[in-house]
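here is a sequence together with a model predicted from it:
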Amino acid sequence: MISHNALLKRTWPVIVQYAEAHRKPRWVPVAKSKIYRIPKRPEITEEERIELLRVNNNYKTQMRAIRRFYHEEMIKEKSTRESSSSEMSQKLEADDWQRCVEINDKWNAQVALEREERRKKELAKMEEYALARMEAKDRELKERIEKASQEIRKQKELSKTFITPENLDAAIDHALANPVDYNFAIDLQGNQYLGRESPAIPPKHKTTPKAV
Amino acid sequence: MPFMKGRAPIRRTLNYLNAGKLVLKDRIKIFSVAYNIFGENNSGAKDFVFWYLPQIQYKNPDVQVATLKNLTPSPFIKCYLDDGKKILIDIDNKSKEEILQHLLNTVGKSRDVLKAEAVAAEKKDNPANFGVGCERPCICEVYGQVPCPGVVPLPKFMRGKYKNQNA
């Protein structure tokens, strides 16, 4: 829109035309002359009123029916579209799940197989270990028995020289007959020098104390 | 929990949690792992629980994640579905990477699905949007905003009819 100032300063006469709504702006209050004016109510005869009521009622009923028809149709259409798509997606999902379950079954079977193999190997290893241990135990037991029997044999050998009540007198006689003198001197070579109570023996001769 | 304390505190960082790849399918409601802490065949399951379970929990806030420690002869994962079915995954003698890959192939959402979901989530992501196809058709539904003048008349100081009466 051209400003007021521009219009005043114009050199050539210009004609500006623009269409406006031919009514008061909304914020302009009621005209002073019309403040107390009360518009007259339209006069409608009773017949006309009844007729208008009938026509209007008819119109409203029919419009409502049409509106409802279209509304319901829209809902129906929407629901069918949704259900078909959801059915499709459900089927797809079920297929996908089925596929996943198959993959998983295959994996489980594979794992079970591997585990069986591993178990077998472990069992074999355990058996081997147990056998080795049993063998070691047996060997040890055998060794102990061997050692014990050797000891027994040795003791049996020795038992021939033991002094028993039967040969006690003989042993005493023997001891009395062969007195042993421990009261001897010894030199660096281990030679014994007997003396005093036992007869002296030349130094080169080595004597050992007799066990009784 | 202090930030840099404990074993492998990287597991609690947001970057690590967000990097988790396994997003479980919607029908899975409970995810349970049974494993032992000893034995060579359990080491993969143990590491899986140690490294990947935080990520799974973070990425699946609506799924119950349970662990059953030292209660089983051989390690396994069991998922309970919304229709009462179960799926059992044997993870005996498998490394944690193998387990995760297998889970991605079976109970996890595929990459395409995830991408589509991300796009769908992004669209209605901005809660400030309003209008057709948004969460609310009109800004006037927000508390504190001016109601539509068709529903509730504007206050008089906003209406020209009254504002300009004395002008």
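The structure has been received and is ready for your questions.

among the helices and strands of chain B, which has the poorest mean pLDDT?
Lowest on mean pLDDT, DSSP states H and E among the helices and strands of chain B sits helix B:111-123, with a mean of 83.

could you identify the helix or strand that succeeds that one?
Using DSSP states H and E, the next helix or strand after helix B:111-123 towards the C-terminus is helix B:160-163.

that following helix packs against which elements?
Contact here means 3 or more Cβ pairs under 8 Å, 6 or more residues apart in numbering or on different chains; DSSP states H and E; on that basis helix B:160-163 packs against no helix or strand. Quick note: C-beta positions are derived from backbone N, CA and C, even for glycine.

now that helix: buried residues?
When burial is assessed from 16 or more other Cβ atoms under 10 Å in any protein chain shown, helix B:160-163 yields no buried residues.

run the chain-centre distance for that helix.
Chain-centre distance of helix B:160-163: 53 Å, with Cα atoms, centre = their mean, to the nearest Å.

now the closest residue to chain B within chain A. Nearest residue, chain neighbours left out?
Nearest residue of chain A to chain B: A:Trp27, at 3.5 Å (Cβ to the nearest Cβ). Nearest residue to A:Trp27, sequence neighbours excluded (Cβ to Cβ, 6 or more residues apart in numbering or on different chains): B:Asn164, at 3.5 Å.

number of residues surrounding the one you found?
Under the neighbour criterion other Cβ atoms under 10 Å in any protein chain shown, B:Asn164 is assigned a count of 13.

surely it is in contact with A:Lys24?
No. B:Asn164 lies out of contact with A:Lys24 (Cβ atoms under 8 Å); the separation is 11.5 Å.

model confidence for the closest residue to chain A within chain B, exactly?
Across chain B, no residue is closer to chain A than B:Asn164, which sits at 3.5 Å (Cβ to the nearest Cβ). On pLDDT, B:Asn164 comes in at 84.

backbone phi and psi for it, please?
Phi and psi for B:Asn164, reported as degrees, to the nearest 10, are phi -100, psi 10.

for it, give me its contacts.
Shown in contact with B:Asn164 (Cβ atoms under 8 Å, 6 or more residues apart in numbering or on different chains): A:27-29.

for A:Phe184, state which of these is nearest.
Set against A:Phe184, the nearest of the contacts of B:Asn164 by Cβ to Cβ is A:Trp27 (155.6 Å).

low-confidence ranges, the chain, go.
Using chain A here. Scanning chain A for pLDDT under 70 picks out the ranges A:1-21, A:196-212.

let's do chain B instead
B:1, B:123-125, B:166-167.

one more time with 90
Residue ranges of chain B with pLDDT under 90: B:1-6, B:26, B:39-40, B:83, B:112-114, B:116-144, B:149-152, B:155-167.

so after the longest helix belonging to chain A, what's the next helix or strand?
Counting residues, the longest helix in chain A under DSSP state H turns out to be helix A:46-159. Moving toward the C-terminus from helix A:46-159, the next helix or strand (DSSP H and E) is helix A:168-177.

just checking, what packs against the helix or strand just after that following helix?
Following helix A:168-177 in sequence order, the next helix or strand is strand A:185-186 (DSSP H and E). Under the contact criterion of 3+ Cβ pairs under 8 Å, 6+ apart, strand A:185-186 touches strand A:192-193.

tell me the strands beside the strand it packs on, with direction?
Strand A:192-193 pairs in its sheet with strand A:185-186 (antiparallel), by DSSP bridges.

chain B contacts on chain A?
Applying Cβ under 8 Å from any Cβ of the partner chain, we find that chain A lies next to chain B at A:26-29, A:96-97, A:100-101, A:103-104, A:107-108, A:111-112, A:114-115, A:118.

residue contacts, residue 104?
Looking at chain A here, since you left the chain open. Contact partners of A:Asn104, counting by Cβ under 8 Å, 6+ apart, are B:87-89, B:102, B:106.

that's the wrong chain, I wanted chain B
B:Leu104 sits next to B:21-22 when contact means Cβ under 8 Å, 6+ apart.

taking helix B:111-123 as reference, get the angle to whichever helix or strand it is part of.
Per DSSP H and E: B:Leu104 is located in helix B:96-106. Inter-element angle recorded for helix B:96-106 and helix B:111-123: 70 degrees (by axes from the mean of the first three to the mean of the last three Cα atoms, to 10 degrees).

buried set for helix B:96-106?
Going by neighbour count (16+ other Cβ under 10 Å), the buried part of helix B:96-106 is B:96, B:99-100, B:102-103, B:106.

stretch B:117-132 too?
By neighbour count on 16+ other Cβ under 10 Å, the buried set for stretch B:117-132 is B:Phe130.

how about stretch A:107-126?
Neighbour-count burial for stretch A:107-126 flags A:107-108, A:111 (criterion: 16+ other Cβ under 10 Å).

one more: stretch A:174-189?
Within stretch A:174-189, the residues scored as buried using 16+ other Cβ under 10 Å are A:Phe184.

who touches stretch B:4-21?
For stretch B:4-21, the external contacting residues (Cβ under 8 Å, 6+ apart) are B:1, B:3, B:50-52, B:54-56, B:58-59, B:100, B:104, B:108.
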